[in-house]
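Engineer: Predicted structure and sequence below. I'll ask about it afterward.
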Amino acid sequence: MIALLTDFGTKDYFVAEMKAVIYSVNPKARIVDITHEIPPQDVYTGAFVLWRSYKWFPSGTIFVAVVDPGVGSARLPLLIRTRHYFFIGPDNGLLSLAAEEDAVERIYKITASLSHRSSTFHGRDVFAYAAALLSRGVAPNFLGEEIANFVRLERPSATIKDGLVYAKAIYIDRFGNIYTSITKDIIYKIAKINDELCIKFYDKEFRAKFLETYSAAPPGALVVLVNSEGFLEIAVNRGNASEELGLTAGADLVLYRC
Amino acid sequence: MIALLTDFGTKDYFVAEMKAVIYSVNPKARIVDITHEIPPQDVYTGAFVLWRSYKWFPSGTIFVAVVDPGVGSARLPLLIRTRHYFFIGPDNGLLSLAAEEDAVERIYKITASLSHRSSTFHGRDVFAYAAALLSRGVAPNFLGEEIANFVRLERPSATIKDGLVYAKAIYIDRFGNIYTSITKDIIYKIAKINDELCIKFYDKEFRAKFLETYSAAPPGALVVLVNSEGFLEIAVNRGNASEELGLTAGADLVLYRC
Amino acid sequence: MIALLTDFGTKDYFVAEMKAVIYSVNPKARIVDITHEIPPQDVYTGAFVLWRSYKWFPSGTIFVAVVDPGVGSARLPLLIRTRHYFFIGPDNGLLSLAAEEDAVERIYKITASLSHRSSTFHGRDVFAYAAALLSRGVAPNFLGEEIANFVRLERPSATIKDGLVYAKAIYIDRFGNIYTSITKDIIYKIAKINDELCIKFYDKEFRAKFLETYSAAPPGALVVLVNSEGFLEIAVNRGNASEELGLTAGADLVLYRC
């Protein structure tokens, strides 16, 4: 199984050509799309989405992730073997959150490529091709050379001081729900279900109840909950919190029990 | 075969995690996306799209539909066996138009779930998981308890009085074509091909010819036709009727032969 | 393998019904989406995207392309056998750039269709159905009648006169990169890597360096390069050239070495 995550969108032929290369090399490959809607060249969001989703896939899955503003430059093409998976993509941190969590076993600089490799589309000419060969049983050391290290990003985090939690808005999902960098462990240190929370960002402040589900709040009301990924999330029941609050990814947050 | 319909969009990891759970349980599953672009939390549109598409799928297909504003509340998770298919999703009417048309045979409240079930993502933790087990041959009574009833929505309908058809705009497709709730049977009671039809909505009125194909009208002209789903549709040949008329889903319509 | 390209989008049930028909006829079919985001009824863009992507697919792939403003009119439904592939779709030029490049061997007017064929959805009722039968081994002459010719579009082209290249912007990709109709052969007649190029469109003019990769330019800078498809492309490193320049597909361009 080969799972794809890119910022290529679906309106062009980029993803199709990656799949076509994979099927040409391995007609029996099973390909799953994670998403191709990572915002263009937003490596951090790509790393986050890969990190959240990888562990649900069957052991042995090959992940091909391409958010690659440095394509054609000196950045290395990577193949990482972890305890349960393989991760393939550019060495810009994109693979790091997922690969480190699963435990890195071997790191390779990919040297394999289609013979007519372009300077601008390694997703097809290097990464898809290497994944297809790997899925046919070609050993990693035939696809590249082992190296010692790779670029790592930091996981989202939050700190508590004097009862205030300092955090960030890290991700906005399709429903406008705002993921904060506050994990379950941290929020339960300062609050419990049904508490009223106060949240500041920029020069604004709002209150919301800490509940267990969206629908525990009245329709249209703000709610704060621990989401299915284990992060504290700011939402509006049947509404779009990001639009209503004007709060987007990257904003600094301060949160406390009101 | 497992067919998915959700309002999850494709930018996040929601759909990928559902597929990953399915493949983890049943590596041989065949998954088809109906759509993930149902407007957020729009149960009626989800029910409509499922109703129009289900019958084209092979007998035995398992449909997993998730448009679920009440996730985590008391609404039941459903598994319905119909004459030819299985339908899995929340008990909010989403499954009802399709399931009733195919003839309901058994209704179950799903009790199976992943062991670390979240309160906010039953698409993955309950519905995808149950579908995967079902696709491996686990019998429905191992996945839940039989119940007597489920939430049903009303089919789109229209009425005729004194030569006037009272109806609604029920769906706008990608091309801006406006589906009305007027079926083929009803329109042929008051009009025939090449008639001029008058249509009122809000305080506006327009005329359009009743034709058989888009291209029978001149480019840019309004046309009314019976579409491939059997509904009377308002369209603009090579244009976008919804935008040009300012007519969106939900609007009341009155239609008559001019 | 059956590869699909349409302007149907993914929010409706159109693509799902095509796939459902294919799987109903051939449960073992492998279906790949090229894209469904061709701008509505934009036959040229559809032809371009099909042309760029077809050759990456395994030999024997059946392409079903549907951008079909004339559906239901006299335009013929086509099946073309080329040296390595089959192409199925409306006779409006959509298939022509790809089919001609691969070398046309036989052309058929499709006569097969689902028994309840609609006037407005040949994607499902004619093209998907014919592709599914073909993928099961039904010979083309059982699906239609051989004909002598089909509608052909012109390939993108550019001309040089007195050191000026006269060309067009032919395609804008997801990143806002602007593909010109200038091929690699032509640009190297008037310029070499690291030259400064001047480009006029409408009453505007801009300069950009001719480089090999996006990342060879500073972030935010305009760059001109030969892209992975062999076309001269105008881009902004880590930016969106189409938006920044206000340059969209169809614009006339004049380019020269400054």
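Structural biologist: Received, thanks. Numbering: from 1, shown residues only, chains lettered A, B, ... in the order given.
Engineer: Phi and psi next, for A:Leu50.
Structural biologist: A:Leu50 adopts backbone torsions of phi -60, psi -40, taken as degrees, to the nearest 10.
Engineer: mean confidence for stretch A:140-158?
Structural biologist: Per-residue pLDDT values over stretch A:140-158 give a mean of 96.
Engineer: Show me where chain A has its helices.
Structural biologist: Ranges of helices within chain A are A:14-25, A:43-53, A:96-102, A:122, A:129-135, A:140-143, A:184-190, A:241-245, based on DSSP state H.
Engineer: Would you convert those into a markdown table that also reports mean neighbour count?
Structural biologist: Placement of C-beta: from N, CA and C, glycine included. Converted to a markdown table, the helices of chain A look like this (neighbours: other C-beta atoms under 10 Å in any protein chain shown):
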| stretch | mean neighbour count |
| --- | --- |
| helix A:14-25 | 24 |
| helix A:43-53 | 24 |
| helix A:96-102 | 21 |
| helix A:122 | 26 |
| helix A:129-135 | 25 |
| helix A:140-143 | 16 |
| helix A:184-190 | 15 |
| helix A:241-245 | 18 |
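Engineer: ok, the residue of the stretch 1-150 of chain A found nearest chain C - how many residues close by?
Structural biologist: Distances between the stretch 1-150 of chain A and chain C by C-beta to the nearest C-beta are smallest at A:Gly72, namely 2.9 Å. A:Gly72 sits with 18 neighbouring residues when counted by other C-beta atoms under 10 Å in any protein chain shown.
Engineer: Who are the contact partners of it?
Structural biologist: Residues in contact with A:Gly72 (C-beta atoms under 8 Å, 6 or more residues apart in numbering or on different chains) are A:119-120, A:122, C:212-216.
Engineer: try 7 Å this time
Structural biologist: By C-beta atoms under 7 Å, 6 or more residues apart in numbering or on different chains, the contact set of A:Gly72 is A:119-120, C:212-215.
Engineer: go on, A:Pro77?
Structural biologist: Neighbour list for A:Pro77: A:90, A:109-110, A:122, A:126-127 [criterion: C-beta under 7 Å, 6+ apart].
Engineer: let's see it at 6 Å
Structural biologist: Neighbour list for A:Pro77: A:110, A:126 [criterion: C-beta atoms under 6 Å, 6 or more residues apart in numbering or on different chains].
Engineer: Please report the distance of it from C:Arg75.
Structural biologist: Distance, A:Pro77 to C:Arg75, using C-beta to C-beta, to the nearest Å: 46 Å.
Engineer: tell me the pLDDT at the nearest residue in space to A:Pro39 that is not next to it in sequence?
Structural biologist: Distances taken as C-beta to C-beta, 6 or more residues apart in numbering or on different chains place A:Thr45 nearest to A:Pro39, at 5.9 Å, with adjacent residues excluded. A:Thr45 is assigned 96 on the pLDDT scale.
Engineer: And the one 10 residues further on, by the same measure?
Structural biologist: We note a pLDDT of 96 for A:Lys55 in this prediction.
Engineer: Not counting its neighbours along the chain, what's nearest it?
Structural biologist: A:Asp102 (7.2 Å).
Engineer: I figured the one you found hits A:Arg83, correct?
Structural biologist: Yes. Using C-beta atoms under 6 Å, A:Asp102 is in contact with A:Arg83, at 5.3 Å.
Engineer: still on that earlier bit, scan the contacts of A:Gly72 and report the most crowded one.
Structural biologist: Among the contacts of A:Gly72, the one with the most neighbours (other C-beta under 10 Å) is C:Tyr214, at 28 neighbours.
Engineer: so what's that residue up against?
Structural biologist: C:235, C:237 are the contacts of C:Tyr214 under C-beta under 6 Å, 6+ apart.
Engineer: Could you do the one 5 residues further on as well?
Structural biologist: The contact partners of C:Pro219, by C-beta under 6 Å, 6+ apart, come to C:237-238.
Engineer: Repeat that for A:Thr61.
Structural biologist: Going by C-beta under 6 Å, 6+ apart, A:Thr61 touches A:1, A:3, A:85.
Engineer: Next step: those restricted to strands.
Structural biologist: Within the contacts of A:Thr61, residues falling in strands by DSSP state E are A:Ala3.
Engineer: for the contacts of A:Thr61, which one is nearest B:Ala20?
Structural biologist: Nearest to B:Ala20 among the contacts of A:Thr61: A:Ala3, at 7.7 Å, using C-beta to C-beta.
Engineer: What's opposite the closest one in the beta bridge?
Structural biologist: A:Val32, A:Phe63 (DSSP bridges).
Engineer: what does the stretch 1-150 of chain A have sitting close to chain B?
Structural biologist: Residues of the stretch 1-150 of chain A found near chain B (C-beta under 6 Å from any C-beta of the partner chain) are A:32, A:34-35, A:37, A:49, A:52-53, A:56-58.
Engineer: let's see it at 8 Å
Structural biologist: Selection of the stretch 1-150 of chain A residues close to chain B by C-beta under 8 Å from any C-beta of the partner chain yields A:1, A:3, A:10, A:30, A:32-38, A:49, A:52-53, A:56-58.
Engineer: Pull out the buried members of those.
Structural biologist: A:1, A:3, A:10, A:30, A:32-38, A:49, A:52-53, A:56-58 (16 or more other C-beta atoms under 10 Å in any protein chain shown).
Engineer: how about A:Ala221, what does it touch?
Structural biologist: Taking C-beta under 8 Å, 6+ apart, we find A:Ala221 in contact with A:208-209, A:236-237.
Engineer: Quick one: buried ones out of those?
Structural biologist: Neighbour-count burial (16+ other C-beta under 10 Å) is assigned, among the contacts of A:Ala221, to A:208-209, A:236-237.
Engineer: Just give me the closest of those residues to A:Ile22.
Structural biologist: A:Val236 (40.5 Å).
Engineer: How about the closest one: which residues does it bridge to?
Structural biologist: Assessed by DSSP bridges, A:Val236 has beta-bridge partners A:Leu222.
Engineer: who's in contact with it?
Structural biologist: For A:Val236, the contact set (C-beta under 8 Å, 6+ apart) comprises A:176, A:220-223, A:244.
Engineer: Next one: it relative to B:Pro69, how far apart?
Structural biologist: 11 Å.
Engineer: And A:Leu211, by the same measure?
Structural biologist: As judged by C-beta to C-beta, A:Leu211 and B:Pro69 stand 15 Å apart.
Engineer: so for stretch A:174-183, what's the average pLDDT?
Structural biologist: Stretch A:174-183 carries an average pLDDT of 96.
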